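A.B. asks: After the sequence you'll find the predicted model.
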Amino acid sequence: MENRLNLKNLEYVCSLMKDILNVSFHVLDKKGTLIIDISPNESFNPLYPSKQSFFRQVFRREEKRSPGPTIRSTPFYETVFFIPIGNLGTVILGPVLSSRPTQVLIDELISSYGKKEMEESLRKYYHSLPVINRSKLIQVSKLFYFLYHKKIEDQDIIAPEMQMDNQLIDEKMCNKHMLEIHQNSSFHHDPIAEKKVYQYIMDGHKEKLLPYWKAFKENTSFDFGKLSKKNEVRNQKNLSIATITLATRAAISGGLHPEIAYSLGDSFIQDLEELQDIEDIHLFTENILYEFASRVEKAKRENHSRPIFQCKNYIYKHIYEPLSLQSIAEHLNMSPKYLSNLFKKEVGIPISEYIQQTKIEEAKKLMTFGEHSLSDIHALLNFTDQSYFTKVFKKYTGITPKEFRKKPVSFL
């Protein structure tokens, strides 16, 4: 095959494959310089100053060169394939998408990187990228490698980052959640951890959701259900459909309009059926959970004026600290009387009652998801004593904390 190892032939093969797949092909030399650029369009990721800088970045991430093809996921949800071609350098197939990022995820990227001025170009970029499942791209990589080297199998292609390398995900938080889930599963099996995922959706806490979900899915202390015995892709789709159904219900419980939630759920299931790769299904499911949590967070924010949204958010974040109308008003730079009147007008109850309700909801989570004693819980939430805690708990739930703890774990 020596006669094929020249730049002209390589460019010809890349051009043919571009016409067949509508995918970009690039070739970098040994120094990482772009020497062949064959793209269906001129679009490149606007978060990089140039196309060359994009490839220098992804090429530099290949710290240990593999003799065979390698899959990489960028921090921006793109997938690229590296295919070494002898002394000519490396063919890069992509970037492509395994599933179309939701609008919420694009907005999050814009917000996280402070690139509001790039909103339109970034949106156009993501819509210009082809959506191709991973298994098809693996076959293309195998063909390229065969043309210039030898026949290889799927397992010979290295995928060091099968999960998206998302800079928005805090790995320390993910490890913390993994430990927490492992501890819970030893006592309660997986429903406890799974219920907490949907609690995050109901609360609209998207920043906590994805690390916990990743840790939950990676946990090996229990087996996930088998909903299709003959086909693993079908099994994963069925599990994802069940996840979408529960996420839809959690979003409605969190305040998202039922018609919007059900329409989203139906649309997600239809899109899910188009996927044929297990990793694509996993990534798509993460996007769905994030979308629902973001929609709930937005709905909660829009239901009240900015001061009341900030007030409720402050109460949630400081629920383990002593809270009073005076301290909250000082934090918001408002007069206590004005805040009290505005809160009662918009929420319908006094701020002191809302604080109590929020504490009881947090107590329920501590009893459901942890191993805290009742005395620990009342102390953590700054109740004066356990009898007062029991009295307030019964006021809002109709049962005592001990009775609540005896109830079986159930889903939303």
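C.D. replies: Noted; the coordinates are in hand.
A.B. asks: Quick check: phi and psi at Thr69.
C.D. replies: Heads up, residue 69 is Pro, not Thr. Backbone torsions of Pro69, given as degrees, to the nearest 10, read phi -60, psi 150.
A.B. asks: same check, this time on Val131
C.D. replies: Per-residue torsions, Val131: phi -100, psi 110 (degrees, to the nearest 10).
A.B. asks: Mind pulling up the pLDDT for the residue nearest to it when sequence neighbours are not counted?
C.D. replies: Excluding its sequence neighbours, the residue lying closest to Val131 (CB to CB, 6 or more residues apart in numbering) is Leu97, at 4.9 Å. All C-beta spots, glycine's among them, are computed from the backbone N, C-alpha and C. If you check Leu97, the pLDDT there is 82.
A.B. asks: ok, Leu97 - contacts?
C.D. replies: Leu97 is in contact with Tyr77, Glu78, Thr79, Tyr126, Leu129, Pro130, Val131, Ile132, counting by CB atoms under 8 Å, 6 or more residues apart in numbering.
A.B. asks: What subset of these is buried?
C.D. replies: Tyr77, Glu78, Thr79, Tyr126, Leu129, Ile132 (16 or more other CB atoms under 10 Å).
A.B. asks: coming back round to it: so which of the contacts of Leu97 belong to helices?
C.D. replies: Secondary structure from DSSP state H places Tyr126 of the contacts of Leu97 in helices.
A.B. asks: Please convert the buried ones among the contacts of Leu97 to TSV, extending it with pLDDT and distance to Leu34.
C.D. replies: Converted to TSV, these look like this (pLDDT from 0 to 100; distance: CB to CB, whole Å):
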residue	pLDDT	distance to Leu34
Tyr77	72	22
Glu78	81	16
Thr79	82	19
Tyr126	83	22
Leu129	84	18
Ile132	80	22
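A.B. asks: between these, which is closest to Lys391?
C.D. replies: If you rank these by distance to Lys391 using CB to CB, Tyr77 comes first, at 49.8 Å.
A.B. asks: isn't Ile244 right up against Gly265?
C.D. replies: Yes: contact criterion CB atoms under 8 Å: Ile244 and Gly265 qualify, at 5.3 Å.
A.B. asks: Out of the buried ones among the contacts of Leu97, list just those in strands.
C.D. replies: Of these, the ones assigned to strands by DSSP state E are Thr79.
A.B. asks: Surely Cys304 touches Lys312?
C.D. replies: Check again: residue 304 is His, not Cys. Yes: using CB under 8 Å, His304 is in contact with Lys312, at 7.1 Å.
A.B. asks: So the two - more neighbours on which side?
C.D. replies: More crowded of His304 and Lys312, by other CB atoms under 10 Å: Lys312, with 21 against 16.
A.B. asks: list the contacts for that one?
C.D. replies: Applying CB under 8 Å, 6+ apart, the residues near Lys312 are Lys300, His304, Val347, Tyr354.
A.B. asks: ok so, going back, want to throw the contacts of Leu97 into a markdown table with distance to Thr70?
C.D. replies: Output for the contacts of Leu97, formatted as a markdown table (distance: CB to CB, whole Å):
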| residue | distance to Thr70 |
| --- | --- |
| Tyr77 | 18 |
| Glu78 | 15 |
| Thr79 | 11 |
| Tyr126 | 23 |
| Leu129 | 20 |
| Pro130 | 20 |
| Val131 | 21 |
| Ile132 | 17 |
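A.B. asks: Show me which residues of the longest helix seen in the chain are buried.
C.D. replies: Counting by DSSP H, the longest helix found in the chain is helix 278-302. Buried residues in helix 278-302, counted by 16+ other CB under 10 Å: 278-301.
A.B. asks: swap in stretch 249-265?
C.D. replies: Arg249, Ala250, Ala251, Ile252, Ser253, Gly254, Gly255, Leu256, Ala261, Leu264, Gly265.
A.B. asks: tell me the domain ranges of the chain?
C.D. replies: 2-156, 184-299, 306-406 (automatic domain parsing).
A.B. asks: Lowest average pLDDT across the ones you listed?
C.D. replies: Among those, domain 184-299 scores lowest, at a mean of 73.
A.B. asks: secondary structure class for Lys321?
C.D. replies: Check again: residue 321 is Glu, not Lys. coil (DSSP: H, G, I helix; E, B strand; the rest coil).
A.B. asks: pretty sure it is in contact with Asn382, am I right?
C.D. replies: Yes: judged on CB under 8 Å, Glu321 makes contact with Asn382 at a distance of 7.3 Å.
A.B. asks: And these two? Which one has more around it.
C.D. replies: Asn382 (14 against 10).
A.B. asks: what angle do the helix or strand just after the longest helix of the chain and helix 278-302 make?
C.D. replies: Remark: after helix 278-302, the chain's next helix or strand is helix 306-317, criterion DSSP states H and E. Per axes from the mean of the first three to the mean of the last three CA atoms, to 10 degrees, the angle that helix 306-317 makes with helix 278-302 is 120 degrees.
A.B. asks: Could you look up the next helix or strand downstream of helix 306-317?
C.D. replies: Using DSSP H and E, the next helix or strand after helix 306-317 towards the C-terminus is helix 325-332.
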